[in-house]
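Engineer: pasted the sequence and its predicted model underneath.
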Amino acid sequence: MKNLLRAATAATVLAGSALAAAPAFAQDESDISVSANVAMVTDYRFRGVSYSGGDFAIQGGFDVAHSSGFYVGTWASSLDDETAGYGDTELDIYGGYSGAISDTLSFDVGLLIYVYPSAAGEDNDYWEPYASLTAAVGPAEVTAGVAYAWEQDSVSSSFADDNLYLYTDVGFGIPDTPVSVSGHLGYTDGSFSSPTYFGTSDDTTSFDWSIGASMAVFGPLEVGVSYVGVEGKGNTVRDNYITDDTIIASLSASF
């Protein structure tokens, strides 16, 4: 199966690559820091679609950051090859630059490559630049971001040659508790939209969303739960299974 759905951060990536405080590394304690993270989740969902077949996934990564704002990092997750068609491992490698614009506004820009080392057949790896702004709004942090995958072998489809992903995240801590709440809304326009991916429509747009809560339980350990959904279902029982709304639990640690 061609890689027509993968596109952040997030959440994940990628989307997201926020760098936590970390022990010093190398020459100067004030110059370079390294951080790491590990997690076990009941389902690996990226932009609403399961890449672990609705089963547990093991994930983890690390980042190296310089005080100037430059950083590099990597993140990996186990996959279900029968569901995703990309082998049993995903490896994300990224680098970028982040910094403060003001006391309440910061930015992050970078380039990420998705690598599937055990995938058979077609070339599934691809590049995706990203950018985001994060603002403090009262007790909350609000992020607006964009990721764009240009025409590549693993991006192009019969309906579109590239993919644009727009998203917004919000998160805040509940006062006097160890609980944090988060929400996410994403919009896809291009080859990675879920209707295009499953061949149910030539509509190249779709939305994904989630709402969740997490709580520190002991030292670096954190537990979380989230409700995840995506627009655009498949045309088989299997396709619907990996796109149905679901509740995901996680156990993670950051160092």
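Structural biologist: Thanks, I have the structure now.
Engineer: drop to CA atoms for contacts and neighbour counts, all remaining ones
Structural biologist: Fine.
Engineer: list the contacts of the top strand by length along the chain.
Structural biologist: Longest strand of the chain, by residue count under DSSP state E: strand 205-218. Strand 205-218 is contacted from outside by 47-48, 178-190, 193-195, 222-232, using C-alpha atoms under 8 Å, 6 or more residues apart in numbering.
Engineer: and Tyr114, how far from Ile93?
Structural biologist: According to C-alpha to C-alpha, to the nearest Å, Tyr114 and Ile93 sit 7 Å apart.
Engineer: to clarify, my last question referred to Ser102.
Structural biologist: For Ser102 relative to Ile93 (C-alpha to C-alpha), the value is 29 Å.
Engineer: just Val109 next, same as before
Structural biologist: Distance, Val109 to Ile93, using C-alpha to C-alpha: 14 Å.
Engineer: list the contacts of stretch 55-72.
Structural biologist: Here stretch 55-72 makes contact (C-alpha under 8 Å, 6+ apart) with 19, 30-44, 73-79, 93-99.
Engineer: pull out the buried members of these.
Structural biologist: Neighbour counting over the contacts of stretch 55-72 (16 or more other C-alpha atoms under 10 Å) leaves 19, 32-44, 73-79, 93-98 as the buried ones.
Engineer: one step back: list the buried residues of the longest strand of the chain.
Structural biologist: For strand 205-218, a neighbour-count test (16+ other C-alpha under 10 Å) marks Thr205, Ser206, Phe207, Asp208, Trp209, Ser210, Ile211, Gly212, Ala213, Ser214, Met215, Ala216 as buried.
Engineer: for those, which one is nearest Asp88?
Structural biologist: Checking the buried residues of strand 205-218 against Asp88 with C-alpha to C-alpha, the nearest one is Asp208 at 24.0 Å.
Engineer: for the closest one, list each beta-bridge partner.
Structural biologist: Beta-bridge partners for Asp208, by DSSP bridges, are Gly186, Val230.
Engineer: cool, Glu141 as well?
Structural biologist: Beta-bridge pairing for Glu141 (DSSP bridges): Ala136, Gly171.
Engineer: shouldn't it be in contact with Leu105?
Structural biologist: No. Between Glu141 and Leu105 there is no contact under C-alpha atoms under 8 Å: 9.5 Å.
Engineer: would you map the strands across the stretch 51-200 of the chain?
Structural biologist: Under the criterion DSSP state E, counting those that start in this stretch, the stretch 51-200 of the chain contains strands at 57-66, 70-78, 89-100, 105-115, 126-137, 140-149, 163-173, 179-190.
Engineer: next, format the ones you listed as JSON lines and append mean pLDDT.
Structural biologist: Listed next are those as JSON lines, based on pLDDT from 0 to 100:
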{"stretch": "strand 57-66", "mean pLDDT": "97"}
{"stretch": "strand 70-78", "mean pLDDT": "97"}
{"stretch": "strand 89-100", "mean pLDDT": "96"}
{"stretch": "strand 105-115", "mean pLDDT": "97"}
{"stretch": "strand 126-137", "mean pLDDT": "96"}
{"stretch": "strand 140-149", "mean pLDDT": "97"}
{"stretch": "strand 163-173", "mean pLDDT": "96"}
{"stretch": "strand 179-190", "mean pLDDT": "95"}
